[in-house]
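>>> fold the following, please.
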Amino acid sequence: MNLSDRADGDTRVDHQAGYLLHQRPFKERSTIVEIFTHDWGRIGLVANGVRKERSRLAGLLQPFQRLLFSWRGRGELKTLTSVEAAGPAELLQGDSLISGLYLNELMLRLTSRHDPHPMLFSHYYQALDRVARDEELEWCLREFERDLLQELGYGLNLSHDSVSGEEIEPDAIYCYYPHGPEKLDRQRQAGGELTLKGETLLAISSGRRPGREGLREAKQLMRAMLQPHLGDKPLMSRSLFQSGR
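Have a look, this model is predicted:
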């Protein structure tokens, strides 16, 4: 990656590794693309002329493919100057495609522009590779959600009771609150709180795939922990999952 800054504040970045997350029409023949890069985080770029017939950029600006982006400019939106393929495109279909769209939608909704997260870039790349290989999609998504929250500063307590400080017991039942898990005493019943087994918490923490019930609990936990950061606007990819069932 090459970077140069001019005296007038104009910035130029060359051959930055990244992925296309989203694009939308802009003016008559251009688009605004949102990309996620290794060194710069999420960047908004204006792709001039990409909607013209026979545009070379249109064929390259595809999701799920590692690309090398070059841009320049000042302000919030930069101008895309070139794109090159840095690897083969992942041709996702069915649930794998919806899973890939879900990854992109989470990245678009939860990351901020110009906020670098090199480790998150690695997590995204690894998750996309697993999705492309149709490798245990449900568990792949749960692990990515865990890593995403961790990298954004919202990491979950998955190893210790938030009240007693004791280590999570695999056979115990826990209520999970924003501050962490609390062991459910035999003397009281859960009053609408999110409950799950200790073994599910430990599986999420260690990256060990749980059974069917544990996957269901992990999904409920991650959905509850993501919701405050996603807000009320529904995720389109979730609707696609539901309509395909």
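
>>> what's near enough to touch residue 197?
170, 171, 172, 173, 174, 213, 214, 217 (Cβ atoms under 8 Å, 6 or more residues apart in numbering). No exception for glycine: its C-beta is placed from N, CA and C like everyone else's.

>>> same question, residue 29
Counting by Cβ under 8 Å, 6+ apart, residue 29 touches 48, 49, 50, 51, 52.

>>> neighbour-wise, give me the winner out of the residues you listed.
Neighbour counts for those (other Cβ atoms under 10 Å) peak at residue 50, which has 22 neighbours.

>>> re earlier: closest one of the contacts of residue 197 to residue 137?
residue 214 (15.5 Å; Cβ to Cβ).

>>> and the closest residue to the closest one other than its chain neighbours, how many neighbours?
Sequence neighbours aside, residue 200 is the residue nearest to residue 214 in space, at 4.4 Å (criterion: Cβ to Cβ, 6 or more residues apart in numbering). Residue 200: 25 surrounding residues under other Cβ under 10 Å.

>>> how about residue 176?
Applying other Cβ under 10 Å, we find 23 residues neighbouring residue 176.

>>> avg pLDDT for the lengthiest helix in the chain?
Ranked by number of residues, the top helix in the chain under DSSP state H is helix 212-230. Regarding helix 212-230, the rounded mean pLDDT is 96.

>>> begin at 260 from here
From this message on, residue numbering opens at 260, which makes the last subject helix 471-489.

>>> residues of it that come out buried?
By 16 or more other Cβ atoms under 10 Å, the buried positions in helix 471-489 come out as 473, 474, 476, 477, 480, 481, 484, 485.

>>> over to stretch 349-358?
Counting neighbours by 16+ other Cβ under 10 Å, one finds that the buried residues in stretch 349-358 are 349, 351, 354, 355, 356, 357, 358.

>>> repeat for stretch 341-349
Quick answer for stretch 341-349 (16+ other Cβ under 10 Å): 342, 349.

>>> gap between the two ends of that stretch?
Stretch 341-349 has its terminal residues 21 Å apart, counting by Cα to Cα, to the nearest Å.

>>> for residue 439, see how far away residue 297 is.
Distance of residue 297 to residue 439, given as Cβ to Cβ, to the nearest Å: 32 Å.

>>> before we move on, back to that, now for the longest helix of the chain, which elements pack on it?
helix 353-369, helix 396-410, strand 453-456, helix 457-465 (3 or more Cβ pairs under 8 Å, 6 or more residues apart in numbering; DSSP states H and E).

>>> dump the ones you listed to a markdown table, plus distance to residue 277 and mean pLDDT.
Shown next, in a markdown table, are those (distance: least, Cβ to Cβ, whole Å; pLDDT from 0 to 100):
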| stretch | distance to residue 277 | mean pLDDT |
| --- | --- | --- |
| helix 353-369 | 11 | 96 |
| helix 396-410 | 16 | 97 |
| strand 453-456 | 35 | 94 |
| helix 457-465 | 28 | 97 |
